[in-house]
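Participant: how does the following fold in three dimensions:
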Amino acid sequence: MDIGNVETIKDFDKWKSTLHKVIHFSEKLNLSEDTITDIGKKVGDFLMNNVETENKEQKLLKQLWEVGTQEERHSLTHMLIKMIEKEHHGIQ
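Facilitator: Numbers count the residues shown, from 1 in each chain. Prediction:
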């Protein structure tokens, strides 16, 4: 994700599209689902500490992230990945 490109982060659909590209690239590298989730959680930690929320969806994610345990954050990351894959690939 291009952290410097604030426009990408402001629009939630663009944000999800950017994450889809990262997930797709990770899959092409044959990274496991667990590895992709672990990386996603680390990115989430970075974003929550360094990027201001720009929309209601990101504010909700930040609130969930802040109250969640490490395990819950891992689960939230996994659910976000599944949501994005479903939207882009029709995966159930």
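Participant: and for whichever helix in the chain runs longest, what are the contacting residues?
Facilitator: Of all segments of type helix in the chain, defined using DSSP state H, the longest is helix 70-89. Residues outside helix 70-89 that contact it (CB atoms under 8 Å, 6 or more residues apart in numbering) are 16, 19-20, 23-24, 33, 36-38, 40-41, 44-45, 61, 64-65, 68, 91-92. All C-beta spots, glycine's among them, are computed from the backbone N, C-alpha and C.
Participant: and that helix, what's its mean pLDDT?
Facilitator: Helix 70-89 shows an average pLDDT of 91 in the prediction.
Participant: helix or strand: which one has the residue of the chain most remote from its centre?
Facilitator: Distance from the C-alpha centroid of the chain peaks at residue 30, with 18.6 Å (CA atoms, centre = their mean). Using DSSP states H and E, residue 30 is not contained in any helix or strand.
Participant: now residue 88: how far from residue 19?
Facilitator: Distance of residue 88 to residue 19, computed by CB to CB, to the nearest Å: 10 Å.
Participant: the two: who's more crowded?
Facilitator: residue 19 (19 against 15; other CB atoms under 10 Å).
Participant: what helix or strand does that one sit in?
Facilitator: Counting by DSSP H and E, residue 19 is part of helix 12-28.
Participant: tell me the angle of that helix relative to helix 70-89?
Facilitator: Counting by axes from the mean of the first three to the mean of the last three CA atoms, to 10 degrees, helix 12-28 lies at 90 degrees to helix 70-89.
Participant: if anything else comes up later, I'll come back, but that's it for now.
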